[in-house]
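Enquirer: Here you go, sequence then predicted model.
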Amino acid sequence: MKKILVLLVIIIAFSQSTHIDNCLAQWVYQYTAVQYSLLNKIQFPTENVGYAVGEQPQSPRSVFLKTTNSGINWMNMNISLSFPTDLIEMSFVNENTGYICGRSIDIYKTTNGGLNWITIPVPYYDNQIWNSMQFLDANTGFVAGRYGLSVKTTNGGLNWTAMDTAYSSVYDLYFLNGSTGFMGDGSSHVLKTTNGGNNWSTTYLTDTNGTGYSLQKIDFANNNTGYVVGINTVTGAIFKTTDNGNTWKNILISSNGLFCIKVVNYSNLYVTGENNNVLYSSNFGNSWINQIVPTSQGTMNSICFSNSTTGYLTVANEIYKTTNGGVRIVNISTEIPNEFKLYQNYPNPFNSSTKIKFQINKKDRIKILLFDIKGAEISPKGGLVNEYLDPGVYEYLLNSDNLTSGLYFCKFVTNNKSETIKLMIIK
């Protein structure tokens with residue numbers, strides 16, 4: 001006889017939970033690096049192999065983590081560098097060849113997946129901090145940092161050429177190809193080159209209130225459409241271009257500073273910053289929702305995706321993962337309903353997944369939790385869904401990958417409403 005489990009899916013505002021089932025979560029805790037460390041960058045050159053770099057207050061200062069099984073396990077590589085330094089950036093062109101840099105004038109290169117590192121001196125610059133790095137392939141790369149200094153190599157770091165300086169420290173650079181690239185500096189300037197860094201044009205960005213920002217991260221969906229995020233002492237902002245960086249428009253002002261943006265599948269945007277929310281847009285930044293990450297830690301410094309739905313982010317010294325793009329709820333109509341209502345899921349019974357349709361008639365917080373037949377909560381920390389939603393009609397996708405056949409109960413609760421339906425899984 002097939003074992004029957006009963007799970008209650010309950011939406012309760014602000015309650016806490018413990019993680020059991022990874023596949024059902026939006027962003028699920030994976031790993032904690034050494035105590036008091038800070039992970040500054042995460043990257044997956046393949047779906048299985050990923051790296052994270054950071055810093056720690058104690059010797060050897062450098063933090064370098066590696067996974068070969070999509071983040072199930074992470075290894076602290078305990079790398080030995082010629083000069084112990086905090087690591088800020090990295091760029092891997094494949095699972096073996098990559099570069100790292102940070103609070104040191106030197107750049108380091110590996111060709112065997114981080115087992116060994118070659119020191120690559122960069123001439124001209126003393127007391128430098130490298131904030132940003134991008135290699136297009138094993139040979140061509142760009143690095144920028146403090147004092148607005150930036151350099152370029154076309155032979156894997158054997159030689160470096162100085163590029164024009166920015167107005168202040170450069171916090172990110174992004175090249176579409178070997179010719180066209182962009183830099184964002186700490187004084188709200190976006191710099192653009194169309195000849196591989198020999199010359200740069202400059203655009204000063206301000207939000208709709210006329211306020212400037214320290215520009216932290218740049219990403220492009222294609223040659224024309226790109227985004228940059230920034231921070232000042234009070235707010236954060238997102239800017240967008242649709243003409244290859246010739247003009248920029250402020251599309252969002254956030255109450256929190258913003259540090260990283262990632263474009264996935266052209267139209268999906270993920271933005272991280274000073275709190276435990278991931279700002280998510282599925283329509284080029286026209287509207288946004290919050291994806292809440294179950295952490296009490298601080299700033300989310302980095303986010304990346306290994307495919308269209310599998311993503312990773314760092315929060316202080318923690319790593320979190322999603323396998324569904326962090327998205328389980330889709331707005332299918334913005335027409336304001338007359339009442340709150342939960343519809344029967346379809347299909348039902350179901351095997352792998354089912355859609356649950358519901359509507360809300362006012363802005364409310366939605367949180368979905370799971371409980372087993374004994375009443376023990378089996379949700380990930382923070383719940384399956386924990387979002388403020390505007391009035392409208394939505395569909396929630398429930399996957400049954402790690403659920404057995406049986407009867408389930410789905411209960412949706414807003415701040416003052418709740419309804420329950422029965423679900424049946426047959427495998």
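Expert: Now that the structure is in, tell me what you want to look at. Numbering: from 1, shown residues only.
Enquirer: going forward, measure contacts and count neighbours with C-alpha atoms only.
Expert: Fine.
Enquirer: residue closest to the middle of the chain?
Expert: In the chain, the residue lying closest to the centroid (Cα atoms, centre = their mean) is Ile303, at 2.5 Å.
Enquirer: so what's that one closest to, chain neighbours aside?
Expert: Leu313 (4.2 Å; Cα to Cα, 6 or more residues apart in numbering).
Enquirer: is it true that Val234 touches Ser254?
Expert: No - applying Cα atoms under 8 Å, one finds Val234 not in contact with Ser254, separated by 9.2 Å.
Enquirer: So those two - more neighbours on which side?
Expert: Ser254 (15 against 10; other Cα atoms under 10 Å).
Enquirer: which non-adjacent residue is nearest the more buried one?
Expert: Gly236 is the one closest to Ser254 (Cα to Cα, 6+ apart), at 4.8 Å.
Enquirer: And the strands in the stretch 51-200 of the chain, which stretches?
Expert: 62-67, 75-76, 87-92, 98-102, 107-110, 118-120, 130-135, 141-145, 150-153, 161-163, 170-175, 181-185, 189-193 (DSSP state E, counting those that start in this stretch).
Enquirer: quick one on the thing from earlier: can you report phi and psi for the residue nearest to Ser254?
Expert: Backbone torsions of Gly236, given as degrees, to the nearest 10, read phi -120, psi 160.
Enquirer: hmm, back to that, can you tell which of the strands of the stretch 51-200 of the chain is closest to Asn222?
Expert: Within the strands of the stretch 51-200 of the chain, the stretch nearest Asn222 is strand 170-175; the backing value is 11.3 Å (Cα to Cα).
Enquirer: any idea how far the closest one is from the chain center?
Expert: 17 Å (Cα atoms, centre = their mean, to the nearest Å).
Enquirer: That strand pairs with which strands, parallel or anti?
Expert: strand 181-185 (antiparallel) (DSSP bridges).
Enquirer: Kindly calculate the angle that the strand it pairs with makes with strand 130-135.
Expert: 170 degrees (axes from the mean of the first three to the mean of the last three Cα atoms, to 10 degrees).
Enquirer: what about strand 181-185, average pLDDT?
Expert: Strand 181-185 carries an average pLDDT of 97.
Enquirer: ok, now stretch 144-157?
Expert: For stretch 144-157, the mean pLDDT works out to 92.
Enquirer: Sort out which residues of it are buried, please.
Expert: By 16 or more other Cα atoms under 10 Å, the buried positions in stretch 144-157 come out as 144-154, 156-157.
Enquirer: And those residues, which two are furthest apart?
Expert: Pairwise distances across the buried residues of stretch 144-157 peak at 23.7 Å for Tyr147 and Gly156 (criterion: Cα to Cα).
Enquirer: Look up how far Phe182 lies from Asn250.
Expert: 17 Å (Cα to Cα, to the nearest Å).
Enquirer: Please name the residues that touch Tyr320.
Expert: The contact partners of Tyr320, by Cα atoms under 8 Å, 6 or more residues apart in numbering, come to Trp27, Val28, Tyr29, Gln30, Tyr31, Tyr312, Leu313, Thr314.
Enquirer: picking that back up, in terms of neighbours, single out the busier of Asn250 and Phe182.
Expert: Neighbours around Asn250 and Phe182, counted as other Cα under 10 Å, are more numerous at Phe182. The numbers are 22 against 18.
Enquirer: Which strand residues bridge that one?
Expert: Note on Phe182: beta-bridge partners by DSSP bridges are Tyr174, Lys192.
Enquirer: That one touches Val170, doesn't it?
Expert: No - using Cα under 8 Å, Phe182 makes no contact with Val170, being 10.4 Å away.
Enquirer: Excluding chain neighbours, what is closest to Asn116?
Expert: Leaving out its chain neighbours, the residue that sits closest to Asn116 by Cα to Cα, 6+ apart is Thr110, at 5.9 Å.
Enquirer: Sorry, slip of the keys, the one I care about is Lys262.
Expert: Using Cα to Cα, 6+ apart, the closest residue to Lys262 is Tyr270 (5.2 Å).
Enquirer: burial of the one you found, as a residue count?
Expert: Neighbour count for Tyr270, taken as other Cα under 10 Å: 24.
Enquirer: Identify the residues contacting it.
Expert: By Cα under 8 Å, 6+ apart, the neighbours of Tyr270 are Ile261, Lys262, Val263, Val264, Val278, Leu279, Tyr280, Ser281, Ile303.
Enquirer: one step back: which residues are in contact with the residue nearest to Asn116?
Expert: Here Thr110 is in contact with Asn96, Thr97, Gly98, Tyr99, Asn116, Trp117, Ile118 (Cα under 8 Å, 6+ apart).
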